[in-house]
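1. what shape does this take:
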Amino acid sequence: MSEGDLSKIFTLLSQEASKDGYVGLRNMAIISLLVDSGIRRGELLSIKLCDMDFKAGRCAVLGKTGSRYALFSDTFKRALARYYRKWRSSQDNSPTSPFWLTEDGEPLTDAAFSSMIKRLERRSGVDVHAHKFRHTFGSMMAQQDTNIFDLKEMMGHTTITTTQMQSHLLCNDRLQIL
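-> Below you'll find the model as predicted:
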């Protein structure tokens, strides 16, 4: 996604979150995490409360290639803090409880997540799907000259080729090999 597309999305999410409604706060936190970490949809939806390490700025995710840590920025930490204070603190806080919940306190399902993304696309006017955030993350990291091996680990890929394809760079001149 272009910077302009991300700006449209985050402007819309900010407006929804500023209403201090639960859904707006949750959606801002979810999209912030997707952009910050490049995690997959399934990894996002499987996050449990015990997976979040707020102090270290990371969460444990279990994906297709195993377990890893996804790092997140101060922007996500702020969105996460608002989500947590508004809603999560009043829910079941057992370590194994799902982190992402619906307004009714139920675990966020794949279908509910898909509906959220479709609404975001319709309301923002940006062609978006969950995996596009992952591609955007990879491209942003590549543009920041992230070492390709580090990026491979961050994205949970098994091969460098997949990392290059996901970051939309088919040559090594933008990614540092060593």
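
2. so where's this structure uncertain?
-> The chain contains residues with pLDDT under 70 at 20, 87-92, 153-154, 157-158, 162, 165-178.

3. show me where it has its helices.
-> Taking DSSP state H, the helices of the chain run over residues 3-18, 22-37, 41-45, 74-86, 110-124, 130-143, 148-155, 160-166.

4. just want the most central residue of the chain.
-> Centroid-nearest residue in the chain, with Cα atoms, centre = their mean: Leu34, separated by 1.4 Å.

5. same list, the helices of the chain, but as JSON lines with distance to Ala56 please.
-> C-beta here means a position set from N, CA and C on the backbone, and glycine is covered the same way. Below are the helices of the chain laid out as JSON lines (distance: least, Cβ to Cβ, whole Å):
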{"stretch": "helix 3-18", "distance to Ala56": "24"}
{"stretch": "helix 22-37", "distance to Ala56": "13"}
{"stretch": "helix 41-45", "distance to Ala56": "18"}
{"stretch": "helix 74-86", "distance to Ala56": "11"}
{"stretch": "helix 110-124", "distance to Ala56": "25"}
{"stretch": "helix 130-143", "distance to Ala56": "19"}
{"stretch": "helix 148-155", "distance to Ala56": "15"}
{"stretch": "helix 160-166", "distance to Ala56": "24"}
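
6. would you mind finding the most buried of these?
-> Ranked by mean neighbour count, those are led by helix 22-37 with a mean of 23 (mean count of other Cβ atoms under 10 Å).

7. alright, calling it a day.
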